[in-house]
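Q: I need the structure of the sequence given here:
(4 chains)
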There are 4 protein chains.
Amino acid sequence: MQKIDLNCDMGESFGAYKIGMDESVIKYITSANIACGWHAGDSLVMDKTVKMAVEHGVGVGAHPGYPDLLGFGRRNMDCTADEIRSYVISQVGALQAFCTVHGTRLQHVKPHGALYLTAVANETVARAVAEAIVSVNPNLLYVALAGAKGEMVRRIGNEAGLKTVFEAFPDRAYTPEGNLVSRREPGAVIKDPATVAQRALRMATKGVVIAIDGSSVKLEAQTLCVHGDTPSALDLVRNIRETLEAEGVAVQPMSKA
Amino acid sequence: MQKIDLNCDMGESFGAYKIGMDESVIKYITSANIACGWHAGDSLVMDKTVKMAVEHGVGVGAHPGYPDLLGFGRRNMDCTADEIRSYVISQVGALQAFCTVHGTRLQHVKPHGALYLTAVANETVARAVAEAIVSVNPNLLYVALAGAKGEMVRRIGNEAGLKTVFEAFPDRAYTPEGNLVSRREPGAVIKDPATVAQRALRMATKGVVIAIDGSSVKLEAQTLCVHGDTPSALDLVRNIRETLEAEGVAVQPMSKA
Amino acid sequence: MQKIDLNCDMGESFGAYKIGMDESVIKYITSANIACGWHAGDSLVMDKTVKMAVEHGVGVGAHPGYPDLLGFGRRNMDCTADEIRSYVISQVGALQAFCTVHGTRLQHVKPHGALYLTAVANETVARAVAEAIVSVNPNLLYVALAGAKGEMVRRIGNEAGLKTVFEAFPDRAYTPEGNLVSRREPGAVIKDPATVAQRALRMATKGVVIAIDGSSVKLEAQTLCVHGDTPSALDLVRNIRETLEAEGVAVQPMSKA
Amino acid sequence: MQKIDLNCDMGESFGAYKIGMDESVIKYITSANIACGWHAGDSLVMDKTVKMAVEHGVGVGAHPGYPDLLGFGRRNMDCTADEIRSYVISQVGALQAFCTVHGTRLQHVKPHGALYLTAVANETVARAVAEAIVSVNPNLLYVALAGAKGEMVRRIGNEAGLKTVFEAFPDRAYTPEGNLVSRREPGAVIKDPATVAQRALRMATKGVVIAIDGSSVKLEAQTLCVHGDTPSALDLVRNIRETLEAEGVAVQPMSKA
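A: From the prediction side, this is the model:
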């Protein structure tokens, strides 16, 4: 049977500040990337979000980012490899403790925002993240961008002794080379729920995406990234989930996918 | 054979800011309370300090504090029990990850500054800390102030399923009731190395301290707190260590003490 | 003609985090208490909020708080008078710079959350805040809680050379002594728009509030505190504003009230 | 009479963390670049440092940096021009308030660390800083790196309506083009006090520096940057000051230089 994971960033609220509709989206996803209190999230939120994930049978992942709450981890920072390595260890360790508290095991690590993009573009950063993960727990899955750019991360992950998982974005346009179309370009984000659901289905069942020029591109992905921050995002996720299941695809955490 | 542990706060540097003479004091102590990046310390410092402790056979402890770098964790903050519980879990988790990285196990947890003092004075806070520790790892030792006030913490710790370790301060004056003399009072801090070493010896071998009124007070302690932030503090520690060993006391980590 | 000011906390968003319906509530109020980036707010938000206040003819106030973004400035912190004084100077200075940028002058200072409540309860803190304000600009108005507790703040403010402005809360119940009923007690918050508007009117025109026991209590107030964080809060404000104006009360910034 | 300013970064301590020998170096300098609490410094330190500068007749400057205490403002962050503009306004405003408190006027603004270097390399950033400064106070001097790279900043400053002041580094080697030799190259930092003092003298009196290849390079500078963080740095400053004065150069704040 074909299978796929649906992952979503969660636990991004901070103190009095709320972001995301975590309680709603949790019902449709199978893996949660939980912020670790650096670029977003706080300890109470981590506690509550891990608990909620466990209750819904959702795989728990750490979502470490740069130390930049003000910029929500979306701004690149010129950190050394050693700094990045230690930042990831700290954040993964903190989230792992909440996993222990709630009787589960950490499943994966997906870097957030600028750290994610830098890890995909820069081998030194990719290696720093991989070494951090393997040093804390070599059984953790390392989530990277599907496509040509992710291959480098996979190689680095393999060298470090990690299993890498590729993620694709059903609501994002792809170039014929299998890269994401920049958000600054027209058509970069696809909003029609039916179209997005069909793209997700094709990714899950055929390992293929229709690129922005209409060509069919191979795209290996074990997990699809979805969002839960707006009602329309929620609509997309529900549609994706229902379409996948209607077509007989097993939607399950990436550790099983 | 009689035995005692010498513990010291360490890893309190932050970024470009250096505090403490960790490389020097590490040679004389047997347990290190390592800051976890909230009131002091950062990820690189945690990494380096845990590594150094392991190399010296020093037991590693987490030293969690309030989220107040500006106040170095020394100012009380009106936090709820749930907030404190989650703060301790996060900090212990982060330090535990560095222990894994360096092939050791976390030995103990000693709250820092205002959190330490509040835990001794306030049962709700003591319980929040105890529950945090036990939920992450019930084998961790919970360090509390020796004396009447510490008994409450020990009871709370026991109820939570933790082993509590009492610490005494050889360079601090005690009241006849076995409490610390406030730093604002004259004679509260003892500076003569020989006197301090003799006090440490008496604590370790007889479980007794000479109070500020000259009376002899029973004071059960498995660990003695020393400091490494100044050359004269370093002198005190070396003196304590040499005196204890000259008298045949085994100086060893609190997990063995 | 009778006159009153309506003040509202604003500019509490931070980075990617949004709080409050500032663009909507700004139309109904006459003074804005703008967060200064410590307990809430950031530089971009300060810039935008001051600009918006100027465009709407709304008086600009600084809303300084404790250095506790995680707790939204709502938790008391054991700070020294000197620390508090310097914190208020920094925050007022930062907001004042944005006033200069947008061609206005800072009108008032209203401490936020735990700092506000501590200043009302603790003479040392009230004085630290007053001295901070006067040292930066003696023409700034110092906003304090109307009623018995505020009298102390007014005396302290006067001694420092400041003019104090009292604020009342039309949606909060008062004791017969003129103090706020604790939020933990039933009936502490009044939600019916018509009732709240009538209370606001009585405060503005008669200097009186009907206490929770039905008695009529004298309550001098130059400004009424309203909220803009929910649609129902917005309803209350609009009702208050319309009722006041329908009854011929001039609603204008506290510097004119 | 020839004249020159000696500027030094100051006020970089934070909470319990001490950096710099401010009390010693203040005697030899004529302008202080005071950290504003973002990359270094805190409100108490700002208060104390401005007070000390005033007492010594030293010109007070704001030293704004990126919001990165952990990296001491030395790591580049991908901020938008609008973010940088607002960050500089906030920091200058806060320091300006302490100037008011201590009866002086802010003299200059010198960006710190990565912000300084980015402003020299990137026209957009240079303009964001210039616009921030001019919007708060068009009389403030904008300190930039002397040499070819600084010319761009001067042009941007002029366009914004600011006066730019060039600074040179007597203890740093220069290329024949008048740029700093990278610290990673041998000979980049000059440590001999007599040599450094002679370089400072030549900069002040002839507007010339001997480049690393022995050639004489024109280098216009109104202020020389010195350091106060180590005893040997202090030696350098004292030597520079004494040499300049022995040769009849007036050492005075950049507002007069």
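
Q: Would you report the backbone torsion angles of residue A:226?
A: Residue A:226 has phi and psi values of phi -120, psi 170 when expressed as degrees, to the nearest 10.

Q: And the pLDDT at it?
A: On pLDDT, residue A:226 comes in at 97.

Q: Quick check, it in contact with residue A:233.
A: Yes. Between residue A:226 and residue A:233 a contact is recorded at 7.4 Å, counting by C-beta atoms under 8 Å. C-beta here means a position set from N, CA and C on the backbone, and glycine is covered the same way.

Q: out of these two, which sits in the more crowded spot?
A: Using other C-beta atoms under 10 Å in any protein chain shown, the more surrounded residue of residue A:226 and residue A:233 is residue A:226, with 25 against 19.

Q: Excluding chain neighbours, what is closest to that one?
A: With C-beta to C-beta, 6 or more residues apart in numbering or on different chains as the criterion, residue A:226 has its nearest non-adjacent residue at 4.5 Å, and that residue is residue A:237.

Q: That neighbour falls within a strand, correct?
A: No. Assigned with DSSP: H, G, I helix; E, B strand; the rest coil, residue A:237 falls outside any strand and is helix.

Q: For the residue in the stretch 101-250 of chain A that chain D sits nearest to, which non-adjacent residue is closest in space?
A: In the stretch 101-250 of chain A, the residue that lies nearest chain D is residue A:114 (7.3 Å; C-beta to the nearest C-beta). Spatial nearest neighbour of residue A:114, chain neighbours left out: residue A:76 (4.5 Å); criterion: C-beta to C-beta, 6+ apart.

Q: neighbours around that neighbour, how many?
A: The burial count for residue A:76: 22, using other C-beta under 10 Å.

Q: what residues does the stretch 51-200 of chain A put near chain D?
A: Contact residues (C-beta under 8 Å from any C-beta of the partner chain) of the stretch 51-200 of chain A with chain D: A:67-68, A:70-71, A:75-79, A:83, A:114.

Q: run the last query once more with 6 Å
A: A:67, A:70, A:75-78 (C-beta under 6 Å from any C-beta of the partner chain).

Q: From those, list just the buried residues.
A: A:67, A:70, A:75-77 (16 or more other C-beta atoms under 10 Å in any protein chain shown).

Q: Spatially, which two of these are the most separated?
A: Taking every pair in those and measuring C-beta to C-beta, the maximum separation is 14.0 Å, between A:70 and A:76.

Q: which SS class is residue A:149?
A: Residue A:149 - assigned by three-state DSSP - is helix.

Q: residues touching it, list them.
A: Residue A:149 sits next to residue A:120 when contact means C-beta atoms under 6 Å, 6 or more residues apart in numbering or on different chains.

Q: can you pull the pLDDT of it?
A: Looking at residue A:149, its pLDDT is 86.

Q: And for residue A:257?
A: Looking at residue A:257, its pLDDT is 65.

Q: coming back round to it: chain center to the helix or strand in which the residue of the stretch 101-250 of chain A closest to chain D is found: distance?
A: Assessed by DSSP states H and E, residue A:114 sits inside helix A:113-121. Its chain's C-alpha centre and that of helix A:113-121 lie 12 Å apart, by C-alpha atoms, centre = their mean, to the nearest Å.

Q: following that helix, which helix or strand shows up next?
A: Taking DSSP H and E, what comes next after helix A:113-121 is helix A:123-136.

Q: Which elements pack onto the longest helix belonging to chain A?
A: Longest helix in chain A, counting residues (DSSP state H): helix A:81-101. Using 3 or more C-beta pairs under 6 Å, 6 or more residues apart in numbering or on different chains; DSSP states H and E, the elements in contact with helix A:81-101 are helix A:43-55, strand A:59-63, helix A:123-136, helix B:43-55, helix B:81-101, helix B:123-136.

Q: that older thread, can you name the residues in contact with the helix holding residue A:114?
A: By C-beta under 6 Å, 6+ apart, helix A:113-121 touches A:65-66, A:73-76, A:111, A:125-126, A:129, A:145, A:149.

Q: one step back: can you put the buried ones among the residues of the stretch 51-200 of chain A next to chain D in TSV and add secondary structure?
A: Formatted as TSV, these follow (three-state DSSP):
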residue	secondary structure
A:67	coil
A:70	coil
A:75	coil
A:76	coil
A:77	strand
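
Q: among the helices and strands packed on helix A:81-101, which is the most enclosed?
A: Mean neighbour counts were compared across those using mean count of other C-beta atoms under 10 Å in any protein chain shown; the top stretch is strand A:59-63, at a mean of 28.

Q: Just want the angle from that strand to helix A:81-101.
A: Per axes from the mean of the first three to the mean of the last three C-alpha atoms, to 10 degrees, the angle that strand A:59-63 makes with helix A:81-101 is 150 degrees.
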